[in-house]
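>>> coordinates only, sequence not included:
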């Protein structure tokens, strides 16, 4: 039988002859006559047996014969160019409605079907167009506005354009659902039902698939009306011309085995299938390290990148194409010699579609599968579905792992370590407040951390009977040092230095500790801003003697005598300014009348009070002073009185 016996019109026979078609395949012989007769069809055949031509040729003939607009007529169109793009005609969507719709699961298959319509209908005045997602919709909308007879689409972009008002499916005459099983596996069942809801009730429906699960039969019963069932071979059978083999190899050695097999000269072109998108990119990188050029095609790639990779592989610019199952349906690659299942699919029907990319149109091909220990269950399901035993092949990386790796349970959150006898701490802000309060508590036997307001309070607190400071002084005298004090090394070092000073000045240790209460602060020692370092005032004995003489002269002077201004020539600041600049110091400004009256009143009150009684001066305070005060007093009581 040849194509003339199928009652095809001469333009289609001429195009088929130019393509190289001479004898129709079994699915074409049994499907074309009922489709030309207008009956619904349920077709099931092996992958690569020519199902696309089985529905494309009769659709072109039926649309051409059913009063299709001719070229040159009002609203007509010129056809399609060599690239498959619709051209010609002044028709619009209103005068040239969409009359045939082909729904496919993937973009690559949609492009291939549109190319088939362009090849078979190159001599017919029918316009066709393909729409899919991942690219701009503007060129597709422009083609739709020029008028389209045959539309090939994916469900997602089709529903988008229907919602935008660019597509009207109310005048569809023929509806084709290609790769129906794959459409359901990819989760397009709801999108397909939305498309079917826009179709008219009276139409011809064609359903094609390589496998026939129960779900497809239920879908066919709801769509088809008294369909013609065409079953060329039992469902899920593989082509006999494909040589199948399996290599049992661990997962980590698959890359080494693949690189070695691809170096075989018999591998002219190879299509490598992986289970995941990241796995496809990883295989491409591993092959690049081995010096083998390859490109990947999967859902994360842009449509231009996918078309570029597929075009490079078809044209022979690259020898290896790594893909996910997105490329396993309907992709026709001429002369593909080998298919590698780098990862066995978990769905047995997918294996049939994968290896169906080779051995097409009666040509020979080879299908090689890699199987690790975890994939042995998948291999058993595949052999059960295809009803054949895939022979294993020995190699230099045999399987070494014969058990599934145990999955580690999720680790619980690590709790902070607790001291064995530590009491329970409050949670949240209460815990932080308690910790801060504990840090503020003074160590037993240490000086208070905060300074009272006056030196008298310090002196009273330090000399109070039973105070911690008094107990510390007694302990130092007896040589009995508590444990808390032994663990405080900075405190001990400071007290040792004070004891040395006390012994040099013949001052009792207890009195020295009491006098230095204001200077002993646990922790980091701070120096007052702008002050001098410790020990600087008494470092020079001559300077200390001069200061003592100045204090005695001030005590013997009359009470009403005014003090000399600080800017007098004998002060250090005045001498420095005069020596540096050579200018006399500035004279003090004349005081005003109110200040003069206040000074004279104070002097008269001092003369009436009489001379001040002499008080014995305590020289022990000079030993512990950090710096020379701005004004010295004869005793501590005078200092307190002056600051009350």
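Good, I have the coordinates. Everything numeric here is computed off the predicted structure, so don't read it as measured data. Numbering: from 1, shown residues only.
>>> point out where the stretch 201-350 of the chain drops to low pLDDT.
233-239, 326-332 (pLDDT under 70).
>>> where do the strands of it begin and end?
204-209, 228-231, 242-248, 270-273, 294-297, 320-323, 338-341 (DSSP state E, counting those that start in this stretch).
>>> what helices and strands are in contact with the last one?
Taking 3 or more C-beta pairs under 8 Å, 6 or more residues apart in numbering; DSSP states H and E as contact, the helices and strands that strand 338-341 lies on are strand 270-273, helix 348-355, strand 365-371. From N, CA and C alone the C-beta is placed, and that goes for glycine too.
>>> following element in sequence after the helix or strand of the chain with the lowest mean pLDDT, please.
One helix or strand of the chain scores below all others by mean pLDDT, DSSP states H and E: strand 86-87, with a mean of 38. Next along the chain after strand 86-87, taking DSSP states H and E as the criterion, comes strand 100-103.
>>> contacts for that following strand?
If you take C-beta atoms under 8 Å, 6 or more residues apart in numbering as the criterion, strand 100-103 is touched by 55, 59, 63, 110, 113, 149-155, 158, 169, 172-178, 183, 192, 195, 199.
>>> what's near enough to touch residue 208?
Taking C-beta under 8 Å, 6+ apart as the test, what residue 208 contacts is 41, 43-45, 51, 54-55, 176-180.
>>> min pLDDT across the residues you listed, which one?
The member of the contacts of residue 208 with the lowest pLDDT is residue 45, at 76.
>>> ok, that residue to residue 2 distance?
Using C-beta to C-beta, to the nearest Å, residue 45 is found at 19 Å from residue 2.
>>> ok, those two, which is more surrounded?
residue 45 (24 against 12; other C-beta atoms under 10 Å).
>>> identify the residues contacting the more buried one.
Per C-beta under 8 Å, 6+ apart, neighbours of residue 45: 26-27, 51, 208, 210, 230-233.
>>> can you do 6 Å?
27, 51, 232 (C-beta atoms under 6 Å, 6 or more residues apart in numbering).
>>> out of the residues you listed, name the ones that lie in helices.
Cross-referencing these against helices under DSSP state H gives 27, 51.
>>> got the contacts of residue 45 as JSON lines, with distance to residue 347 and neighbour count columns?
Putting the contacts of residue 45 into JSON lines (distance: C-beta to C-beta, whole Å; neighbours: other C-beta atoms under 10 Å) gives the following:
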{"residue": "27", "distance to residue 347": "23", "neighbour count": "23"}
{"residue": "51", "distance to residue 347": "20", "neighbour count": "26"}
{"residue": "232", "distance to residue 347": "22", "neighbour count": "18"}
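>>> would you turn the contacts of residue 45 into TSV with distance to residue 315?
TSV is the format used below for those (distance: C-beta to C-beta, whole Å):
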residue	distance to residue 315
27	28
51	25
232	32
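>>> count residues in the vicinity of residue 252, would you?
So residue 252, with other C-beta under 10 Å, has 11 neighbours.
>>> that one and residue 372, how far apart?
9 Å.
>>> for residue 163, find the nearest of the strands of the stretch 201-350 of the chain.
Closest approach to residue 163 among the strands of the stretch 201-350 of the chain (C-beta to C-beta): strand 204-209, 23.2 Å.
>>> strands paired with that closest one, and their directions?
Using DSSP bridges, the strands paired with strand 204-209 are strand 41-44 (parallel), strand 174-177 (parallel).
>>> for those strands, which one ends up most surrounded?
strand 41-44 (a mean of 25; mean count of other C-beta atoms under 10 Å).
>>> can you name the residues in contact with that strand?
31, 34-35, 206-209, 212, 220, 227-231, 235.
>>> do that again at 8 Å, thanks
Contacts of strand 41-44 (C-beta under 8 Å, 6+ apart): 27, 31, 34-35, 51, 54-55, 205-212, 220, 224, 227-232, 235.
>>> where does the nearest residue to residue 198 once chain neighbours are set aside land on pLDDT?
Leaving aside its sequence neighbours, residue 198 sits nearest to residue 169 (C-beta to C-beta, 6 or more residues apart in numbering; 4.4 Å). The model reports residue 169 with a pLDDT of 93.
>>> is residue 169 in a helix, a strand, or coil?
Put simply, residue 169 is coil when judged by DSSP: H, G, I helix; E, B strand; the rest coil.
>>> so it touches residue 199, yeah?
Yes: if you go by C-beta atoms under 8 Å, residue 169 and residue 199 touch, sitting 5.5 Å apart.
>>> looking at the two, which is more packed in?
With neighbours defined as other C-beta under 10 Å, residue 169 and residue 199 compare such that residue 169 has more, 19 against 16.
>>> how far away is that one from residue 32?
Counting by C-beta to C-beta, the gap from residue 169 to residue 32 is 25 Å.
>>> cool, and residue 96?
26 Å.
>>> more neighbours: these two, which one.
residue 32 (24 against 20).
>>> show me the contacts for that one.
6, 8, 24, 54, 57-58.
>>> kindly report the same for residue 162.
Contacts of residue 162 by C-beta under 8 Å, 6+ apart are 169, 195, 198.
>>> buried among the contacts of strand 41-44? Make that a PyMOL selection.
Applying 16 or more other C-beta atoms under 10 Å to the contacts of strand 41-44 leaves a buried subset, and the PyMOL line that selects it is:
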select buried, resi 27+31+34+35+51+54+55+205+206+207+208+209+210+211+212+220+224+227+228+230+232+235
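>>> pull out the buried positions in stretch 15-31.
15-16, 21, 24-25, 27-31.
>>> need the max-distance pair from those residues.
Pairwise over the buried residues of stretch 15-31, using C-beta to C-beta, the maximum falls at 15 and 30, 21.4 Å.
>>> can you list the domains in this structure?
3-231, 242-386, 446-520+619-644 (automatic domain parsing).
>>> ok, residue 136 to residue 117 distance?
As judged by C-beta to C-beta, residue 136 and residue 117 stand 22 Å apart.
>>> sweet, I'm off.
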